[in-house]
Structure formats: structure tokens, C-alpha cells
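Student: sequence below, structure please.
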Amino acid sequence: MKKVLFLASRNEDACQLRYLSSSVWSLVCPVNSAGVISLCKNSDWDAILIDIDISGVFVIDLLEELREISGHPAYYILSRSPFFQLEDFYRRYGASGFFPLPEEMELLFLRIENIFSSTDDITIPNLIESTHLVGSSQAMSDIRRKIEKYARSLEPVLICGETGCGKELVAHALHSCSYNCEGPFAVQNVSCIPHDLAESLLFGSIRGSFTGSLDSAGIFEKAHNGTLFLDEIGTLDLTIQSKLLRILEEKHVCRLGCTKLRPAKFRLVCATNVDLLESVNSGVFRKDLFYRLDVLRITIPPLRDRREDIPILAVHFLKTLEKNLSISCFDSLKNYHWPGNVRQLFQCLKRAAVNSNSKVIYPEDIQF
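Tutor: Next up is the predicted model:
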């Protein structure tokens, strides 16, 4: 566990950060200013977070003392003051960085975690804020690193995980960080395609190719120069599987009723909640297509196997609803087994937000 000292100006900040980091940090938050300077100097901290508005401590003296320590721990300046010149300040006193304090502490926590994990502090926070890819678990850190690495390639990616664990969010993050991010992000849940409309939806059609048909681009054509995300790929019809394999190799498509070749060059990302290799062995999925798709793989563990992510996900999600969780709620959420994973967690929080009669959600508001 990383040892972190947090000199907070607000008790609620200390409480929230303590809960968010409980599984990965040993966080110390002094309740008063007595002995703070000696505490900073005498312990082997991995990081010290210093809110410049902390009462009872002359921060300038503290920073001067820290600067004199040979091999001093990394320390970061924090402030809510919009007029405070943080950048000049932290450089002058040798701090490792500065962060404006957010109202919710999960973004601060994630930024420091990213530093501990040596991930890029520019790409990842943007990605986190836009896609809910938050979490302090080792599994989520590994997933974020893979996303950053795989985004530099155009090889197919196979995302594996249970229903509701966030496979589409990972696919969208891959697209957002990739070289073709300016292109389309086309999404198709394969299991939702009616059998009699499968070819027209995927390949497109021209007017008159079948009863009621119109000139229409299929999903393969729409994904040209972008990313195609096929969810529940294991349910794709065997006949369509062979045609998909051909499109991947030739990078063009023909609409139904037409011989004209149209470009279909895209980065393919597929997701599955079943073991595709078992599907290959049982004869319902083509072996050659499986090996064509399974080039780069990301496996998302179920939420019950990364319970330390639950408080962070909850706080992050509730920001949009302008609700907060009571401290007693965190244990209730972490102790539940979440068979529906992150999707179920978010639906549960929506329900709790409606049930709550105040801005704070209590355990009695939660219905699993």
C-alpha cells in the first residue's frame, strides 16, 4: 500500500478521500496542526498532499522545511482558490505538482493514482471523465494502460467480460484515443439483429434489392475510416461470419443487389460475454474468424472482483445527479455482489437518487 499524508482544510475532503483510497492507500489525515511539520519530515511517505488553505499551519514554512530535506517525498500543492498562482508557487518551492481541488475528490485520487502507476496524466484523465472508466483497482489500471497502448495500433481488439461490466465504454475509449478518432464510431449489437434483416443492416442495400428496400449504407460501410464495435460477436450467424472475414481481408463491401465495391476500412473492436474458444470447439463460431479477431485482448473482471472500484464509480456517477452518498452507504454498496456489474450499480444509484428526499443518499434509500 502507498503511504500518503493529506493535510486537508476540510474534514469532508479527508473523509471522502479516505473512503475512495481505502483499499490501495494507507492515508493519514491529521485532525489538527500539532506536529504536522515533524510528521512530514520524519515518515517515509510516498506522497504528501498539501491544501494551502489548511488552518494552523504556515504553509510557506512547511514548504521551506520540505525543500531542505534530502530525498524528500513527492509533495503536491492543492487549492480551491481560483486566483492563486499555483504553477509559479509549486515551482518556487520544489513541489512535484499542483492540482486545483475539485468539489468531489475522486478526480484528485485518480490523478495521484495515475502518477503512482506511471500512466500518462494527460490522456487518462480526459478518458476517465468522458467514459466512466474510473477505478483504483489493479485491474482497472491495467485496462487503462492497455487502452493507451492498443490505441496506437489498428489491429482488432477483443473485449471479454460479463454483461454490464463496461465493454462498450472500453471500446469507445479505444476509439477516442486512436489515430482514427476523427472518424465514425459505429456500434452494432449483433444479438439484436433480426435474422431476415442481418445482411441489409450489415452490408447495406440498394433500392429494389428486396421488397421495401432503399439505398442504404450498412454498418460496415458507415464505419469506414473509423472504428466498428460489434457487441456480443459470439451470436453472429455462421453465414455472416464468413462474409465478415472476407471484408476484413479485402477492406471493401458490396451492398445487397449491387456489384459496386465500396470502401470499408475500419478498426474492428468486438465484445463477448461468452468463451469464444468454446464456441469454436462446439462449431458455432469459425476458427479462422476467431483468430482474426483475437489479436489484442482486454478482459474486464466483474465488479465483485474489484470492490475497491465501487465507491469511486458511485461518487463519479452521482455527480451528474447532484447527490452524495452517506458514509454508511459505502459499506452497503461494497458488500453487495452485483451480478449485473457496473450497469446494475448505476441503475441502483439512479433508483436511490429518486428515493432520497435530500441531497444525501442513505442506506434506506438503496434497493438492490
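
Student: from now on I want contacts and neighbour counts done on CA atoms only, so please keep to that.
Tutor: Will do.

Student: so after the least confident helix or strand in the chain by mean pLDDT, what's the next helix or strand?
Tutor: Lowest mean confidence among the helices and strands of the chain (mean pLDDT, DSSP states H and E): helix 123-131, at a mean of 42. Under the assignment DSSP states H and E, the closest C-terminal helix or strand after helix 123-131 is helix 138-150.

Student: packing partners for that next one?
Tutor: Helices and strands in packing contact with helix 138-150 are listed as helix 167-177, strand 296-299; criterion 3 or more C-alpha pairs under 8 Å, 6 or more residues apart in numbering; DSSP states H and E.

Student: in the first one, what counts as buried?
Tutor: For helix 167-177, the buried set under the neighbour-count rule, 16 or more other C-alpha atoms under 10 Å, comprises 167-168, 170-177.

Student: cool, and the shortest one?
Tutor: Across strand 296-299, burial judged by 16+ other C-alpha under 10 Å covers 297-299.

Student: can you give me the helices for the stretch 201-350 of the chain?
Tutor: Assigned by DSSP state H, counting those that start in this stretch, the helices in the stretch 201-350 of the chain fall at 219-222, 238-250, 276-281, 287-293, 310-318, 327-335, 341-355.

Student: what's the mean pLDDT across stretch 158-170?
Tutor: For stretch 158-170, the mean per-residue pLDDT is 95.

Student: so where is the stretch 151-300 of the chain shaky, pLDDT-wise?
Tutor: For the stretch 151-300 of the chain, residues meeting the criterion pLDDT under 70 lie at 210-213.

Student: one more time with 80
Tutor: Within the stretch 151-300 of the chain, the stretches with pLDDT under 80 are 179, 196, 207-215.

Student: who's in contact with Arg262?
Tutor: 221, 252-254 (C-alpha atoms under 8 Å, 6 or more residues apart in numbering).

Student: Throw those into JSON lines and include distance to His337 and neighbour count, thanks.
Tutor: Listed next are the contacts of Arg262 as JSON lines, based on distance: C-alpha to C-alpha, whole Å; neighbours: other C-alpha atoms under 10 Å:
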{"residue": "Glu221", "distance to His337": "41", "neighbour count": "24"}
{"residue": "His252", "distance to His337": "45", "neighbour count": "18"}
{"residue": "Val253", "distance to His337": "45", "neighbour count": "24"}
{"residue": "Cys254", "distance to His337": "47", "neighbour count": "21"}
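
Student: from Asp275, how far off is the spatially most central residue of the chain?
Tutor: What sits nearest the mean C-alpha location of the chain, by C-alpha atoms, centre = their mean, is Leu133, with 1.0 Å. If you measure Leu133 against Asp275 using C-alpha to C-alpha, to the nearest Å, the figure is 24 Å.

Student: swap in Ile37?
Tutor: Computed with C-alpha to C-alpha, the distance linking Ile37 and Asp275 is 55 Å.

Student: so for the two, which residue has more residues nearby?
Tutor: Neighbours were tallied for Ile37 and for Asp275 using other C-alpha atoms under 10 Å; the higher tally belongs to Ile37 (17 against 11).

Student: which non-adjacent residue is nearest that one?
Tutor: Across the structure, with C-alpha to C-alpha, 6 or more residues apart in numbering as the measure, the residue nearest Ile37 apart from its sequence neighbours is Leu62 (6.1 Å).

Student: again, but for Val274
Tutor: Val274's closest residue in space is Gly234 (C-alpha to C-alpha, 6+ apart), at 7.0 Å.

Student: now Ser205: how far from Arg255?
Tutor: Taking C-alpha to C-alpha as the criterion, Ser205 is separated from Arg255 by 5 Å.

Student: shared neighbours of those two, anything?
Tutor: Common neighbours of Ser205 and Arg255 (criterion: C-alpha under 8 Å, 6+ apart): 217-218.

Student: related to what we said a few turns ago, which one of the buried residues of helix 167-177 is nearest Ser332?
Tutor: Within these, the smallest distance to Ser332 is 25.3 Å, found for Lys167 (C-alpha to C-alpha).

Student: mind checking how far the closest one is from Leu230?
Tutor: The spacing between Lys167 and Leu230, counted by C-alpha to C-alpha, is 11 Å.

Student: intersection of neighbour lists for these two?
Tutor: Between them, Lys167 and Leu230 share the neighbouring residues Ala271, with contact defined by C-alpha under 8 Å, 6+ apart.
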